[in-house]
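J.: Here you go, sequence then predicted model.
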Amino acid sequence: MKPNVYTLVIGAGMVGSCCALYLQQAGHDVTLIDPHPPGSQTSSGNAATFATYACIPVNHPKLLKSLPALMSGSERPLSVSPGYALNMLPWLFTFLRHCRREHVDHTIRALGALLRHAEAASLPLFQAAGATDLIRRNGTLYLYSDTPSLAAAQNDMDRRRDQGVPISELKTDDLQALEPALAPVFAGGILYHDGFHLHDPQKAVSQLANRFAEDGGEIVCDRVQSIEPAGLDQVRVGMPGNSRVFNNAVIAAGAWSTRIEGSVMDRLPLDTERGYHVMFPDDAPLLTRPVGLADAGLYLSPLGGGLRAAGTVELAGLDAKPNPRRLDYIENAARRALPALSRRGDTWLGFRPTLPDSLPVIGRSSKHPSVIYAFGHHHIGLTLGGITGKLVQQIIDREDPIVDPTPYAAQRFLS
Ligand SMILES: Cc1cc2nc3c(=O)[nH]c(=O)nc-3n(C[C@H](O)[C@H](O)[C@H](O)COP(=O)(O)OP(=O)(O)OC[C@H]3O[C@@H](n4cnc5c(N)ncnc54)[C@H](O)[C@@H]3O)c2cc1C
C-alpha cells in the first residue's frame, strides 16, 4: 500500500479508466475526473476491435505516393479541411516526415512492443470489472478490393508477421465461405486470428469505471482547466470554481489533453484525426466478426446496437461541425460491401488523439515530475488502454517497466 499518495486521472475514456484501475490496485488514493460519463467520448463510437495486429502506422512510405488518390473526388477515405490544414501545417509536415522508412521502422517496433502486451494487460481489468462477457473472439477480417491493393499490402503483412502476428491470407471464395453476406467484389483478404472485439465498447469502459468506484475510487464530474506546481512533488489542479492538490496528475484526456493549461504542460503537437460511424440497427447478424475494408478506410463491426460502419480520417480539428458527406461516404462504402444492409440508424463523430509520429505520449512532463502524460493513442486507443495504464502506474511508482518507455517519452518533441 501507498498510504496518502493522492493521484488524479484526468479523462475517463478507455485510457484514463485503465490508468485509474492500475493505480488503485497499486495502492494509490485515486480520483478520476471527467465532465462526461465514463467511456462516452471517443472510446464509445469506435469500431470496437481489440486490434493487437495494428502495428503499421498510417504514416507510411506508400502514403506519399497514394495521397492524391486518397484525397481526390468525394468518395475518399481521407478528407482535409483546407482552412484547418493551414492551422496544422507543422503537424502535417512532421506527419509526412514520419513516412520515411527509418521512422516507420521505429514506429512499428514501438507500437509492436505495446501491442504484444495489450491483451495480457487489459484482460485482468475486464475480468475484475465483470466485462469479459462483452468479448467476442472470432478474429478480424481485412479485405482488399483489387489485386494491386492486395499486392501492395504484402509488405505490411510481412512486417506484421515479423512482429509475431498470426495471419492467414484468403482468396475470394474463402471470404464468401467465412462471411456469406459480403458482396463477391473483393480480390482477397487477411484473417487476423488473434484479434477480438467488444460487443459494446462504451459499456466495457463504464464497467471499468464502476469497478474503480466500487473499490473506493472517487469519480468527479468536472473539467480540469489548469495544472500548476504546488511545491516540488505536488500540483494544484484547477476546475471551474475550485482547485485541489495532488501528488500526481495523469493527463488522459484524449484529443483534448493539450487544451489543459498551466506551466507544468509541455508544448506537444497533439491534433485529431476525426472519424465517423453509421449504425445499421437491424443488421448485426450479417457478419460474424469485424470486417475491415482496407481501401475504403473503415470497419464493419457487428455490435450489440447493430452493425456499425466506422472509420475514415478527417483533418478538421476539434471544433468543426460533423460533415454529412463523410457519413454518406461511409454508408455507400458499407452498402457496396454488404448489399443486404437495411435502414440507416444513428451516426457519430469521434476524435482520435494523434501525435504526428503515430506513437502515444506516455511519460512524465519535462516541466514537473508529478505530471504524467497518457494520450495520443490515435487509431488503437481501445486496444492500448490496458498496457498504457500498467506502464503509467510503473512509471509513477518507479518500478521496472513492462515495456521500455523511451519511445513514448514527451522529450522526443522537445529540443
Ligand atoms: C471511427 C473510429 C474508429 C476507431 N476504431 C478503433 C478500434 O477498432 N480499435 C481501437 O483500439 N481503437 C479505435 N479507435 C480509437 C480509439 O477509439 C481511441 O484511440 C480511444 O478511444 C482514445 O481513448 P482515450 O481514453 O484516450 O480518449 P476518450 O475516450 O476521448 O476519453 C478522453 C476523456 O477525457 C475527457 N476530458 C477531456 N478534456 C478534459 C478535461 N479538461 N478535464 C477532464 N476530462 C476531460 C473527455 O470528456 C473524455 O471522456 C477508433 C476511433 C475512431 C474515431
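T.: Great, that's in hand. Quantities reported herein were computed from a predicted structural model and do not represent experimental measurements.

J.: Which strands or helices does the helix or strand of the chain with the lowest mean pLDDT pack on?
T.: Using mean pLDDT, DSSP states H and E, helix 61-71 stands out as the lowest-scoring helix or strand of the chain, at a mean of 73. Packing partners of helix 61-71 (3 or more C-beta pairs under 8 Å, 6 or more residues apart in numbering; DSSP states H and E): strand 78-80. The C-beta positions use only the backbone N, C-alpha and C, and glycine is treated the same way.

J.: so where is this structure shaky, pLDDT-wise?
T.: For the chain, applying pLDDT under 70 flags the ranges 1-3, 69-74.

J.: now do 90
T.: Along the chain, the parts satisfying pLDDT under 90 run over 1-4, 58-83, 85, 148-149, 151-159, 162-164, 194-195, 415.

J.: and the longest helix seen in it with the ligand, contact?
T.: Longest helix in the chain by number of residues (criterion: DSSP state H): helix 101-128. No. Counting by C-beta under 6 Å from any ligand atom, the ligand is not contacted by helix 101-128; separation bottoms out at 8.7 Å.

J.: Now the element after that helix, going C-ward?
T.: Counting by DSSP states H and E, the element after helix 101-128 in chain order, helix or strand, is strand 135-136.

J.: which parts of the stretch 301-415 of the chain sit against the ligand?
T.: Residues of the stretch 301-415 of the chain found near the ligand (C-beta under 6 Å from any ligand atom) are 310-311, 350, 352-353, 375, 377-383.

J.: what's the spacing between the longest helix of the chain and its chain's center?
T.: Put simply, helix 101-128 sits 12 Å off its chain's centre (C-alpha atoms, centre = their mean, to the nearest Å).

J.: name the helices or strands packed onto it?
T.: Counting contacts by 3+ C-beta pairs under 8 Å, 6+ apart, helix 101-128 is packed against helix 14-25, strand 49-50, helix 201-214, helix 381-396.

J.: buried set for the one helix or strand residue 148 maps to?
T.: Residue 148 belongs to helix 147-152 when assigned by DSSP H and E. The neighbour-count check on helix 147-152 (16 or more other C-beta atoms under 10 Å) flags 149-150 as buried.

J.: May I have the beta-bridge partners of residue 190?
T.: Counting by DSSP bridges, residue 190 is bridged to residue 142, residue 169.

J.: Quick check: it vs the ligand, distance?
T.: 16 Å (C-beta to the nearest ligand atom, to the nearest Å).

J.: for residue 175, same thing?
T.: Relative to the ligand, residue 175 is positioned 20 Å away (C-beta to the nearest ligand atom).

J.: i'd like the first residue to be 18 from this point on
T.: From this message on, residue numbering opens at 18, which makes the last subject residue 192.
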